[in-house]
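>>> What follows is a predicted structure for the sequence shown.
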Amino acid sequence: MPLNRLQHLITTLPEKLLAIPEVEFSHKPTSDKWSKKEIIGHLIDSATNNQHRFVRAQFEDAPKITYQQDNWVASSRYNEMEGKHVIAFWQMYNRHLIEVVKRIPEADMQRECNNGGENNVTLAWLIEDYIKHMEHHLKQMGIEIKI
């Protein structure tokens, strides 16, 4: 179940993320690549935009909700923030998303949204994809995910 995976991630990973020294957490491999801290920031931005999708698709007909991820990360300036703040906000925002998703009526899970792709996708698909996207970026950071 997707929410169980998300709950596991936000319960087990903050300790691993907090163990990364701040210098390493903020290090950008190149000027055009995100630091680990910025990747977590990107996951916050993803949570923000997906909350809009999860909520608005319940009462709007196929809302189109996209965002420019590089601009969001750059404008939020995550690398200038304390790592523990970024991690705590990522964890809390995802706790909130779990509560939102748990309350979506089953009948609404087939409602559609456009996330910038060629075709609309269902809320059920968006929720699963949101978690896969998070797992992808965590693995990119070298975080081992055991579920």
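Arrived safely, thanks for sending.
>>> When you work out contacts or count neighbours from here on, use the C-alpha atoms and nothing else.
OK.
>>> quick one: the strands in this protein?
In the chain, the strands defined using DSSP state E lie at 112-113, 121-122.
>>> Of those strands, which stretch is the most buried?
Each of those was assessed for mean neighbour count using mean count of other C-alpha atoms under 10 Å. The highest is strand 112-113, with a mean of 25.
>>> how close does His52 sit to Ala62?
Using C-alpha to C-alpha, to the nearest Å, His52 is found at 12 Å from Ala62.
>>> quick one: which of these two has more around it?
Remark: of His52 and Ala62, Ala62 carries more neighbours, 18 against 13, as counted by other C-alpha atoms under 10 Å.
>>> Do you have the helices of this structure handy? List them.
2-18, 22-26, 36-56, 69-76, 83-102, 123-140 (DSSP state H).
>>> Pick the most deeply packed of those.
helix 36-56 comes out most buried of the helices of the chain by mean count of other C-alpha under 10 Å, with a mean of 21.
>>> Report the inter-axis angle for it versus helix 69-76.
Inter-element angle recorded for helix 36-56 and helix 69-76: 110 degrees (by axes from the mean of the first three to the mean of the last three C-alpha atoms, to 10 degrees).
>>> okay, the angle between helix 36-56 and helix 2-18?
160 degrees.
>>> relative to helix 123-140, how tilted is helix 36-56?
Using the same axes, to 10 degrees: helix 36-56 against helix 123-140 is 180 degrees.
>>> For this protein, give me the ranges with low pLDDT.
Across the chain, nothing is flagged by pLDDT under 70.
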